[in-house]
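Peer 1: Fold the following, please.
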Amino acid sequence: MTMTNRIVANREIQRANDTTIRYTISGPADGPTVACIHGWGCNRTDFDAITGFLPEHYRVLTIDLAEHGESRSTRDVWTMEEFARDVTAVLEAESVDNCVVAGHSLGGAVAVEVGRVLPDVVSHVVAFDALHYLALFPAPDEQLANAILQPFHEDFAAATRGLVEGGSLKDTDPALTDAYFEKMVAVRQPAGLRSIEGLVYWDMDAALREVKQPITVFAVRAILTQEAIDRYGDRIRFVPVDLGSHHFPVESPEGTAKLLADVVSV
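Peer 2: Residues are numbered from 1 along each chain as shown. I've put the predicted structure just below:
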């Protein structure tokens with residue numbers, strides 16, 4: 001694949017509770033549409049290089065979720081369902097009537113919820129290294145939820161560092177790990193902590209029962225477990241990839257763009 005010279009426009013929409021959602025759009029209005037959702041503590045620029053490798057006739061929207069990147073909000077609700085409403089508001093503003101929704105990490109959960117809210121618009125849900133972490137994604141009981149969240153309440157920076165290192169591989173460049181940590185630990189509060197809580201308490205199993213679209217998860221091979229495949233393999237198509245760490249969309253944008261284009265072209 002070769003880089004395309006896209007003309008991009010930066011836009012924004014207003015939602016309730018002083019919420020401004022900013023996003024980037026490129027490509028023709030009548031082209032196949034892809035909506036890209038970043039992970040926790042990250043922002044839409046994670047998809048800049050990927051967008052450049054996608055076919056130029058694709059319409060691509062990359063969206064900053066509330067209190068991430070350039071988006072702002074004073075709201076009190078930080079659930080995956082509410083983040084999905086950030087995305088659906090953008091899709092509605094751009095009159096999107098058919099699209100693939102792709103999300104990285106927490107964005108994968110949000111993508112599933114977008115599929116649930118817009119069953120007639122979303123044709124396929126794609127998750128980049130999301131949905132297969134059994135210690136995080138399926139709704140835990142209260143004891144497990146507290147065990148996951150307590151470190152973030154006690155030492156947010158240390159817990160964030162642990163999260164980043166947990167998604168790294170043995171050969172991940174330490175400079176990359178440090179860069180991911182520095183970006184994610186700077187997430188604005190209280191949204192950073194509250195959105196982690198929202199992810200932990202998200203009922204993935206309930207969502208999967210309602211979402212009818214096909215779901216493809218591109219998972220880091222070294223992290224994906226057989227247990228996850230056994231639990232969800234009848235509902236989710238798992239595709240192991242060797243493109244880098246948990247943040248492989250940033251590390252391997254061309255390879256990630258090819259994976260995404262293969263789904264869109266089906």
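
Peer 1: Next one: residue 151 from residue 160, what distance?
Peer 2: Distance of residue 151 to residue 160, computed by CB to CB, to the nearest Å: 9 Å. In this view, the C-beta of every residue, glycine as well, is placed from N, C-alpha and C.

Peer 1: Comparing those two, which residue is more hemmed in?
Peer 2: residue 160 (24 against 14; other CB atoms under 10 Å).

Peer 1: In space, what's closest to the more buried one - neighbours in sequence excluded?
Peer 2: The shortest distance from residue 160 to any non-neighbouring residue, by CB to CB, 6 or more residues apart in numbering, is to residue 185 (4.6 Å).

Peer 1: Kindly provide the distance from residue 90 to residue 12.
Peer 2: From residue 90 to residue 12 the distance is 9 Å (CB to CB).

Peer 1: I should have written residue 18 there, sorry.
Peer 2: Relative to residue 12, residue 18 is positioned 13 Å away (CB to CB).

Peer 1: Which of the two has more residues huddled nearby?
Peer 2: residue 12 (14 against 10).

Peer 1: so what's the more buried one bridging to?
Peer 2: Beta bridges link residue 12 to residue 22 when assigned by DSSP bridges.

Peer 1: same deal with residue 240?
Peer 2: Going by DSSP bridges, residue 240 forms beta bridges with residue 219.

Peer 1: pLDDT wise, what is it at?
Peer 2: With respect to pLDDT, residue 240 has a value of 98.

Peer 1: That one contacts residue 224, doesn't it?
Peer 2: Yes: Residue 240 is within contact range of residue 224, at 5.6 Å (criterion: CB atoms under 8 Å).

Peer 1: Which of the two has more residues huddled nearby?
Peer 2: Counted by other CB under 10 Å, residue 240 and residue 224 do not tie: residue 224 has more neighbours, with 19 against 13.

Peer 1: What strand or helix carries residue 138?
Peer 2: Counting by DSSP states H and E, no helix or strand carries residue 138.

Peer 1: which residues in this structure form strands?
Peer 2: Read by DSSP state E, the chain holds these strands, from start to end of the chain: 8-15, 19-26, 33-37, 59-63, 99-104, 122-128, 215-220, 237-241.

Peer 1: Mind putting these into JSON lines with distance to residue 112?
Peer 2: Listed next are these as JSON lines, based on distance: least, CB to CB, whole Å:
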{"stretch": "strand 8-15", "distance to residue 112": "20"}
{"stretch": "strand 19-26", "distance to residue 112": "19"}
{"stretch": "strand 33-37", "distance to residue 112": "10"}
{"stretch": "strand 59-63", "distance to residue 112": "15"}
{"stretch": "strand 99-104", "distance to residue 112": "8"}
{"stretch": "strand 122-128", "distance to residue 112": "6"}
{"stretch": "strand 215-220", "distance to residue 112": "7"}
{"stretch": "strand 237-241", "distance to residue 112": "14"}
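
Peer 1: Kindly state which of those strands is positioned closest to residue 166.
Peer 2: strand 215-220 (11.2 Å; CB to CB).

Peer 1: rewinding a little: could you verify my assumption that the residue nearest to residue 160 touches residue 41?
Peer 2: Yes: shown here, residue 185 and residue 41 form a contact pair, counting by CB under 8 Å, at 7.2 Å.

Peer 1: Can you pull the residues that touch both of those two?
Peer 2: Residues touching both residue 185 and residue 41 by CB atoms under 8 Å, 6 or more residues apart in numbering: residue 160.

Peer 1: neighbour count winner among these two?
Peer 2: residue 41 (23 against 17).

Peer 1: is it true that that one touches residue 183?
Peer 2: Yes: using CB under 8 Å, residue 41 makes contact with residue 183 at a distance of 6.4 Å.

Peer 1: Pull up the gap between residue 120 and residue 159, please.
Peer 2: As judged by CB to CB, residue 120 and residue 159 stand 39 Å apart.

Peer 1: So if I had to pick from those two, which one is more boxed in?
Peer 2: Legend: neighbour count by other CB under 10 Å for residue 120 and residue 159, higher for residue 159 (19 against 7).
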